[in-house]
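K.L.:
One predicted model, sequence on top.
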Amino acid sequence: MSASVKPTGFPLPSSLQVVPGTERTQAAYPYYMQFTKEDDERFWFYNSMHFPEPMSAFDVTTAEAAYCALGAANTRVHSLPTTLGIDYRIINGRIYIGGNAVTDAAEIARRTKEFQQRAFYYYANWERLIAQWKDKMMALIREAQTLPKLALPEFEPLEHVHAGRGIASNHYLLDVYQKTLEGYFRMWHYHFEFLLLGYGAYLTFFDFC
């Protein structure tokens, strides 16, 4: 074999380079979204299905909310026996994900007991819980629709000044923004309440057939 032939394989995360000129953009992502040397020991893949384009630091909220809810659903709500959710990393605006597998037999057994109490209850009461889920989602949509559409005036209304309100209009923009984010994060929790259990039922039925 020629010495000039390089081995093939997936590049290590630590070997990935930031596009020159975008170093400050990369630095805008929190530390837990950045690859480290320890990540070289794990398998990662580019989530191009959900995030086909590079994401700005502001837009990464859409990924953070989803993975936060996914991890909670997997790990603490339904306690899937063999997984503790997924981690994600970002470089050059591209989102990579990697699983957190549970491999210890004793821990899998412990989590299985929790899973049976939780997931099986959902399967046994699916119709009632899915109807409740629809009501929750519709209420969340209505909440979003009722959020005020604000604008910043050149001058605060004089009656606000005379009333000594003490809060300018830009504060209410912040208030609406925070409520929008909270609703978005809550939506993802609702999303995963049934999604993972639904997939589990599909796969079990498929395997049976």
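P.N.:
Received, thanks. Residues are numbered from 1 along each chain as shown.

K.L.:
Could you list every helix and strand in contact with the longest helix seen in the chain?
P.N.:
In the chain, taking DSSP state H as the definition, the longest helix is helix 169-208. For helix 169-208, the elements it packs on are helix 61-72, helix 105-124, helix 126-146, judged by 3 or more C-beta pairs under 8 Å, 6 or more residues apart in numbering; DSSP states H and E. C-beta coordinates here come from the backbone N, C-alpha and C atoms, glycine included.

K.L.:
and among those helices, the most buried is which?
P.N.:
Per residue and on average, the most neighbours among the helices and strands packed on helix 169-208 fall to helix 61-72, with a mean of 18 (mean count of other C-beta atoms under 10 Å).

K.L.:
roughly how far out does it sit from the chain middle?
P.N.:
Relative to the chain's own centre, helix 61-72 is displaced by 1 Å; criterion: C-alpha atoms, centre = their mean, to the nearest Å.

K.L.:
And the average pLDDT for stretch 84-103 is what?
P.N.:
When pLDDT is averaged over stretch 84-103, the result is 95.

K.L.:
quick one: contacts of that stretch?
P.N.:
13, 16, 18-19, 22, 25-26, 29, 33-35, 39, 42-48, 50-51, 53-56, 60, 63, 67, 70-75, 81-83, 108, 111 (C-beta atoms under 8 Å, 6 or more residues apart in numbering).

K.L.:
how about the helices and strands packed on helix 169-208 in JSON lines, adding distance to Pro157?
P.N.:
Formatted as JSON lines, the helices and strands packed on helix 169-208 follow (distance: least, C-beta to C-beta, whole Å):
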{"stretch": "helix 61-72", "distance to Pro157": "32"}
{"stretch": "helix 105-124", "distance to Pro157": "51"}
{"stretch": "helix 126-146", "distance to Pro157": "22"}
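
K.L.:
Okay, now the unreliable bits of this protein?
P.N.:
Flagging of the chain using pLDDT under 70 yields the residue ranges 1-7.

K.L.:
again, 80 this time
P.N.:
By pLDDT under 80, the weakly predicted segments of the chain are 1-9.

K.L.:
Could I get the buried residue list for the helix or strand Gln26 falls within?
P.N.:
Using DSSP states H and E, Gln26 sits in helix 23-27. Residues of helix 23-27 classed as buried: Gln26 (neighbour count, 16 or more other C-beta atoms under 10 Å).

K.L.:
now for that helix, which elements pack on it?
P.N.:
Short answer (3+ C-beta pairs under 8 Å, 6+ apart): helix 23-27 packs on no helix or strand.

K.L.:
Could you tell me how far it lies from the centre of the chain?
P.N.:
22 Å.

K.L.:
Renumber starting at 39 from here on
P.N.:
Yes, from this point I'll number from 39; that puts the last item at helix 61-65.

K.L.:
Relative to Glu192, which of the helices and strands packed on helix 207-246 is closest?
P.N.:
helix 164-184 (26.8 Å; C-beta to C-beta).
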